[in-house]
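Novice: Build me a model:
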Amino acid sequence: MGFKNKKSRADTVSSKKSVQSTNPFDTAIAQTAKRLNPFDIHVNKEKFKILGRICKHDRGMPGVSRAKALQKRAQTIGKQYAVKNKTNKFMDHRIGKHLTGDQLTESVMNARYLSEKLSQVRASNKAEKFNLNDDELLTHRGQTLEEIEQYRDERSDDEELDDEVNAEFTSAAHFGGDGDTPQDRQTAIEEMISEQKRRKNEIAKDKDEVYDLTEKLDANYKQLLPLVAKATKDEQHEKPPPDAYDKLLKEMIFEPRGSVTDKLIKPEELAKQEAARLEKLENERLRRMKADGEEQETNVRPTHRSADDLDDGYFVAGNDDDGDDTLAYDLDGNLGTHLNDKKQAIESKDQDEDGSEDDDEGEEEEEDSDSEVDNLSDLKESESESESGEAPQPTKAKVKTLKQKPSTPIDTSIPFTIKMSKTYEDFTELLGKYSPAQQTIVVERIIKCNDPKLEGVNRENVVKLFAFLLQYIKDLFEDASEQDVLAHFQLVSQLMPHLYDLIQLNPERMSNTLLDVIKEKYADYRKNHKVYPSLETLIYFKLVSNMYSTSDFRHPVATPTFIFMQHVLSRARVRTRQDIAMGLFTITIAQEFGSRSKRFLPAVFNFLQGIVHMAIPKKDADQLEIVPPFERDGLMSKLLAIPATKESKAFGPQQMQASDLVTITLTLDFKVRALDTGLRLIKQIVEELVSEHTGACFLAKPFVALLERLPLEPYPEHVRQHHAEATAAVQQVAAQKMKPLAPPDRKPKALRLLEPRFEVVYDDKRRPKLSKQKEERVKLLAKIKREKKGAIREIRRDTAFVQDLKLKQQLLSDKERNEKVKRIYQEASMQQGELNELARAKKRKKF
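Specialist: Numbering: from 1, shown residues only. This next block holds a predicted model:
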């Protein structure tokens, strides 16, 4: 009874379990959940727990780590073992195999292609010599052979006739016919041949008829062509007017695109081209001068030439009216023509009809030619002869404009190639033959013919030319008169771009040459420092300001010149008109020196104060504070003072003149001009140079008292206006207050904290106290030992991996060998069974 109860209870429990587990997905775990096998986790036990130590290897998964290591070894050592003792590698033996993509030039690629072709030819057999299966496409009359073979009908006329053979003929010839007309084979073949000949004749006759009709149509078409050509546009079919879409499409088709620029020319090649061009022009000039070949040219009638046929030195040869043009160059070095009286009259009428635009352009050109070159930006704007020769060839419209503006005649005796003079006397004699305007052209051609970039040219020629030009400028201004000084200034202004070009050819040598000249002038000035230097010294100051960077903190040429000007303004006495003009000229150059760097000379302010001081009339008791070299009292303290007359008020606004630099006597108009220039310089310097400086108020305060004492009654209106502007600028700067000096802000000092001294690495091993170097050495030895053990362990594992690969390979080969042996034994047993069966069959036959 009890047994039955236990059995029933067990059945009920099993039935409940089976009911609960009917759906296996109820208790399933999501696939994304990461469940680790607890038997794969290895726990590394520690004997002691140390506070603050982070143990990274307390738990590990050796199975996963071993699998990763095996996979890594299979990708590295396994692949190396698989290709062991094998030579199937791709080796690059091409030309330039070590070059990168940027270094592979077109010549390298051509050499590589040629060597590849030669290797293919050498490796090919005799049978492959006539192989046409090549990458090169063979063409005939613009079509490839493949296209010709695609559309060519290779069949003969006989094959065309075979297509036309009907079914009746075929059945009769090949299957004996229907039996009504029996024929033998010979008769059938003869009839077939005669039928084919008849059809050939018919085809040839048709072709002749088609050819005759084609010729007739061609003749009729040629007769109709004149009638078709005479048809007017109205008689032709009128096209519909284009809509907006067609217009937009044409605009897009004919939209201007960017043109390909010419290849950049190196400076050496450019210099060679310029020298060759000048030599060619010189030969042509000598030929025209000697009248060689003039008779042959007169007999030849010039034919029509397009604008693309223009070359240097000639215009388009056209009508008979253009035959009297003669070749010439204007003052700017541009190519032009001299016309006869008839053409000048015609062109004068055309110019009158053009309007006032040409007159305005002419006025602007005259103003530009009269202005002096003061800045570096103007140095490269010279319209030289080389620019006209290297410019692109003019179009027809440009030729027409050139003919409408005849150039002024010049002396064409200037040679195009000029050798460098050996001595300075020869150089001055060469320049003396030409006018000042032509001297610049001579210097320019000497520079181009002696460019250091040309082959066979002495590099010292340009240095010698630069020294000759400096000496020539000195000789010009050494004994200059009032009539010549303005022309000399204009000549220097025209020579300035060429001096700048010379400096760029050899900056170090040229700078040293100019610096030696300035040192020599300074040595002469120190012999009598109370007298202003000569005018050529100031011209050298101007050359330095125009050709060198004056904003540098330290410049080998500009800085000594700047100090030289400081000494001149602070030591030289002011006693004549020339001294005042030279001082103002030096101040203007000093202002150019400091326009960018905002640096100034203290002597500039003292000299401007002296100008205002000398313009104040003083009595014997009146004495104003002034710093030497100016005097407090006496005649020299009132050099610029003028009486109150109507004549002084009638002067208009004028600037300083070049003649003031060589004139000694003082005049009334010079006093007004000097004071006016000084007031304008005061305003300009105070506003531009010193307004941003910290101590600008101390520099401006001395001017306030002097400007207030200056009487304005005898001066004209423009001087009074400049006085008011200068006074306002000075008072504004003098009113500025200086900021009090304050020590720089210091960072607050951090509080000193006592922190415990911890050791960097702590372990339970006690070591002796060592020095820092010995301790580092011990640590390094321990690290080497640890790395060595790790390397030995890895080598041992790699060896085991390789041995495992060898074992697997040996087992695989043994398995294949055993399978082959079994297969052989099986085949042998089957063969032996068949032999036995044959033997038994023979024995049965015997019985």
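
Novice: So Leu547 versus Ile589, what's the distance?
Specialist: Heads up, residue 547 is Met, not Leu. 13 Å (CB to CB, to the nearest Å). Just so you know, the C-beta spots here come from the backbone N, C-alpha and C atoms, and that holds for glycine as well.

Novice: before we move on, what about Asp206?
Specialist: From Asp206 to Ile589 the distance is 104 Å (CB to CB).

Novice: just checking, what packs against the biggest helix by length in the chain?
Specialist: Ranked by number of residues, the top helix in the chain under DSSP state H is helix 772-846. Contact here means 3 or more CB pairs under 8 Å, 6 or more residues apart in numbering; DSSP states H and E; on that basis helix 772-846 packs against helix 62-82.

Novice: Mind listing residues that contact the helix or strand that the helix it packs on is followed by?
Specialist: The C-terminal neighbour of helix 62-82 among helices and strands, as given by DSSP states H and E, is helix 106-123. Outside helix 106-123, the residues that touch it by CB atoms under 8 Å, 6 or more residues apart in numbering are Arg94, Ile95, Gly96, Leu99.

Novice: quick one on the thing from earlier: more crowded one of Asp206 and Ile589?
Specialist: Ile589 (19 against 10; other CB atoms under 10 Å).

Novice: Quick one: low-confidence residue ranges for the stretch 201-350 of the chain.
Specialist: The model of the stretch 201-350 of the chain has pLDDT under 70 over residues 228-238, 255-263, 285-350.

Novice: Please identify the helix or strand for Pro740.
Specialist: Using DSSP H and E, no helix or strand contains Pro740.

Novice: what number of residues lie near it?
Specialist: 5.

Novice: Tell me the predicted confidence for it.
Specialist: pLDDT, Pro740: 81.

Novice: Which phi and psi values does it adopt?
Specialist: For Pro740, the backbone dihedrals (degrees, to the nearest 10) come out as phi -70, psi 150.

Novice: okay, now Ile518: neighbour count?
Specialist: 18.

Novice: Hmm, Ser637 and Glu631 touching each other?
Specialist: Yes - contact criterion CB atoms under 8 Å: Glu631 and Ser637 qualify, at 4.9 Å.

Novice: Pretty sure Ile616 is one of the things Arg709 touches, is it not?
Specialist: Yes - with contact defined as CB under 8 Å, Arg709 reaches Ile616; the gap is 5.3 Å.

Novice: joint contacts of those two?
Specialist: With CB under 8 Å, 6+ apart, Arg709 and Ile616 have common neighbours Leu624.

Novice: list the buried ones in stretch 505-522?
Specialist: Leu505, Asn506, Arg509, Met510, Ser511, Thr513, Leu514, Val517, Ile518, Lys521, Tyr522 (16 or more other CB atoms under 10 Å).

Novice: Who are the contact partners of the second one?
Specialist: Right, Asn506. Residues near Asn506 by CB under 8 Å, 6+ apart: Pro452, Arg459, Val462, Val463.

Novice: can you give me the helices in the stretch 401-550 of the chain?
Specialist: Using DSSP state H, counting those that start in this stretch, the helices of the stretch 401-550 of the chain run over 424-432, 436-449, 460-478, 485-505, 507-527, 535-547.

Novice: any chance of those helices in a markdown table, plus distance to Gln578?
Specialist: A markdown table is the format used below for the helices of the stretch 401-550 of the chain (distance: least, CB to CB, whole Å):
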| stretch | distance to Gln578 |
| --- | --- |
| helix 424-432 | 27 |
| helix 436-449 | 24 |
| helix 460-478 | 13 |
| helix 485-505 | 11 |
| helix 507-527 | 15 |
| helix 535-547 | 9 |
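
Novice: which residues of the chain fall in strands?
Specialist: Assigned by DSSP state E, the chain shows strands spanning 42-43, 59-60, 139-140, 143-144, 326-329, 335-338.

Novice: Was I right to think Thr417 contacts Cys449?
Specialist: Yes - under the criterion of CB under 8 Å, Thr417 makes contact with Cys449 at 5.3 Å.

Novice: more neighbours, the two?
Specialist: Cys449 (22 against 16).
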